[in-house]
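Q: quick one, structure for this:
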Amino acid sequence: MDSLRRDAERGVRWTGLASMSTGALQFLQIAVLANFLTPIEFGLMGTVLLVLQLQSALSDLGVSMAFIQAPKVEPAQRTALYAMHVGVATAFALAQWWFAGPLARLLGEPDLAPLLAAAGLAIPLAALAAQFRMHFHKELRMGPVSVIEILATGSYVLISIPLGINGFGAWSLVAGYLAQAVVTAVGTVWVGWRQYPITAAPSFKGTAPLLRFGWFSMWEKVVIFLNSRLDQVLITTALGVEALGLYTMALNLVIYPLQRVQQAVSQVMFPLFAKQQDDRGSLARGYLGALRLLNLFHAPVLAGIAVTAPVFIPLIIGPAWVSAIPVVQILALYAYWRSTGSPGGNLLMATGRTDTGFHWNLLMLCATVPTMSVAARWGGVEGIAWGLVLLHTAMAPVYYRMVIRTIIGEHARAYAHILLQPVLLAGIMAAGVWGVHQALAGDGLVTLLLLIGTGMLIYPLLLRIFLPGILGEYRRFLPDRFR
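A: Modelled structure (predicted):
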């Protein structure tokens, strides 16, 4: 167990490094390109990503997650599953190229067609690398994956920013995205093939349990996609691509910081939970501990984004995006509740309960469709943001009873405390930052730095007062020389 814990901590360090590096690079990209690209051009790329994410969920067939969850996969099975994944992904890319024109006409955006056709190349590229990535994840070897991720994100930024500055519009984002896909595929296959070569003759014998797990996993991903992207689909179809660009910018500003951390932790939690899936006590302790640390990090980051948005958006993102300020502030609340579900998804996948995850996400979809439809008619983009906040807040207790309690047993009081305490502490911090902002004159860079510094002083002080020792738990994930 100590060895497993050390592997997990080492994995978090690597993925944490990757998350911080890629997060900084992506923020740089957004900050620069927001001053050269219009909301319509960001909206076009947002539409392309919607299609790619759906294609990715379907073309994977859920096999990647099954590969981690299964105790052992034979070499012949690996070859068969690899060939199947690449073949299906290639077929999806060809279908995207074929239907790009009709979809663009349906949405009334003719400029979308060539972007969709070109971006489809990323689907088979991702499939080439997927199984090797899963091997590294399964063995908690996050070093190679993290280095490749940093290099790939760097290529995205290095390609997209010069093209965007020189007037290539949405094509700058598509070109950067494809560059990222190429670097990821080439790097992962080059490193992975040396460690885990695929040389056996293919055979589907004995793959039925993997495919069954993958079937539920795939449809769960599709339903998750619909749940998490229905807001953007509604905005695209009802309010237009320009409104989607504004909303996507606001969503990226609140989701990116969390998404990078969640990805870093999830890449370790899933294989770690999978190794502990027969020990309910260890699962409960690991899940609640991870959720606690994540929430105590997410809450102040989101509160800080919300309270400083009136300063940093016009200053850094640009005056053209000022109308995104209230959307950012509302979505910060939604992002917190959404983030609390991430460790639960890893728990379900690791224990093979993809059926429960599918049923939960289907229930959420049934609640999301009418909520978002009413919210869009009621208040446009801001109405959709408020609809997401109310829906996810109301469904949090249902999620615990239907999903979490099923896996780890009864821990209602601890679960509620872990969810609500970070909100209270972050709220106190945000109130202090807001008070300082009111006392300062101007909204320049100095003001922004002072507000960030105020938050960084208040929140650790609150942790020392109300949660003595918690900072030591975070320090465990730092390299020894920094502890």
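Q: quick one, what contacts the closest residue to Thr354 other than its chain neighbours?
A: Leaving aside its sequence neighbours, Thr354 sits nearest to Phe216 (Cβ to Cβ, 6 or more residues apart in numbering; 3.8 Å). Any C-beta I mention is one placed from the backbone N, CA and C, and that applies to glycine too. Contact analysis of Phe216 by Cβ atoms under 8 Å, 6 or more residues apart in numbering lists 62, 354-355, 357-358.
Q: kindly report the same for Val433.
A: 304, 307-308, 451, 454-455, 458.
Q: quick check, Thr351 in contact with Phe273.
A: Yes - if you go by Cβ atoms under 8 Å, Thr351 and Phe273 touch, sitting 7.1 Å apart.
Q: the more surrounded of these two?
A: Just comparing Thr351 and Phe273: by other Cβ atoms under 10 Å the higher neighbour count belongs to Phe273, 24 against 20.
Q: if I look at the more buried one, how far off is Ser342?
A: 12 Å (Cβ to Cβ, to the nearest Å).
Q: ok so, going back, can you select the buried ones from the contacts of Phe216 in PyMOL?
A: Applying 16 or more other Cβ atoms under 10 Å to the contacts of Phe216, the buried members can be selected in PyMOL as follows:
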select buried, resi 62+354+355+357+358
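Q: pick the one among the contacts of Val433 closest to Gly143.
A: Nearest to Gly143, judged by Cβ to Cβ, of the contacts of Val433 is Gly304 at 30.7 Å.
Q: okay, Glu149: pLDDT?
A: Looking at Glu149, its pLDDT stands at 88.
Q: off-centre distance for whichever strand or helix holds it?
A: Counting by DSSP states H and E, the secondary-structure element that holds Glu149 is helix 142-165. Between the centre of helix 142-165 and the centre of its host chain there is 17 Å, according to Cα atoms, centre = their mean, to the nearest Å.
Q: if you average pLDDT over the following helix or strand past that helix, what comes out?
A: Per DSSP H and E, the first helix or strand lying C-terminal to helix 142-165 is helix 170-195. Averaged across helix 170-195, pLDDT comes to 93.
Q: now swap in stretch 213-230 and tell me
A: On average, stretch 213-230 scores 78.
Q: just checking, what packs against the longest helix along the chain?
A: Longest helix of the chain, by residue count under DSSP state H: helix 354-399. The contact analysis (3 or more Cβ pairs under 8 Å, 6 or more residues apart in numbering; DSSP states H and E) places helix 354-399 against helix 208-234, helix 241-275, helix 325-339, helix 342-350.
Q: ok, now with 10 Å
A: Counting by 3 or more Cβ pairs under 10 Å, 6 or more residues apart in numbering; DSSP states H and E, the packing neighbours recorded for helix 354-399 are helix 63-69, helix 208-234, helix 241-275, helix 325-339, helix 342-350, helix 405-408, helix 412-439.
Q: for these, which one sits closest to Ala394?
A: The nearest among the helices and strands packed on helix 354-399, by Cβ to Cβ, is helix 325-339 at 9.6 Å.
Q: tilt between that closest one and helix 412-439?
A: 160 degrees (axes from the mean of the first three to the mean of the last three Cα atoms, to 10 degrees).
Q: buried stuff in helix 325-339?
A: 325, 327-339.
Q: that helix: how far from the chain's middle?
A: 14 Å.
Q: same question for stretch 99-119.
A: Worked out by Cα atoms, centre = their mean, stretch 99-119 lies 25 Å from the chain centre.
Q: show residues contacting it.
A: 40-41, 43-45, 47-49, 51-52, 55, 93, 96-98, 120, 169-171, 173-175, 177-178, 181, 236-237, 240-241 (Cβ atoms under 10 Å, 6 or more residues apart in numbering).
Q: buried ones in the helix or strand hosting Tyr82, by neighbour count?
A: Using DSSP H and E, Tyr82 falls within helix 75-107. Using 16+ other Cβ under 10 Å as the test for burial, helix 75-107 gives 76-82, 84-86, 88-90, 92-93, 96-97, 99-100, 104, 107.
Q: tell me the first helix or strand C-terminal of it.
A: Using DSSP H and E, the helix or strand that directly follows helix 75-107 along the chain is helix 112-119.
Q: for that following helix, which positions count as buried?
A: Buried residues in helix 112-119, counted by 16+ other Cβ under 10 Å: 112-113, 115-119.
Q: now that helix against helix 170-195, angle please.
A: Relative orientation of helix 112-119 versus helix 170-195 (the same axes, to 10 degrees): 20 degrees.
Q: show me the contacts for Val186.
A: Applying Cβ under 10 Å, 6+ apart to Val186 gives the contacts 125, 128-129, 148, 151-152.
Q: scan these and report the most crowded one.
A: Ile148 (24 neighbours).
Q: my guess is that one meets Ala181, correct?
A: No - using Cβ atoms under 10 Å, Ile148 is not in contact with Ala181, being 11.8 Å away.
Q: pull up the overlap in contacts between the two.
A: Taking Cβ under 10 Å, 6+ apart as the criterion, Ile148 and Ala181 both touch Ala129.
Q: what stretches of the stretch 251-400 of the chain score poorly on pLDDT?
A: Along the stretch 251-400 of the chain, segments meeting pLDDT under 70 span 259-272, 274-278.
Q: if we can go back for a sec, got the angle between the helix holding Glu149 and helix 170-195?
A: Using the same axes, to 10 degrees, helix 142-165 lies at 160 degrees relative to helix 170-195.
Q: can you give me the buried ones in helix 142-165?
A: 142-157, 159-161, 163-164.
Q: picking up where we left off before, which one of the contacts of Val186 is nearest Leu288?
A: Leu288 has its nearest neighbour among those in Ile148, at 31.9 Å by Cβ to Cβ.
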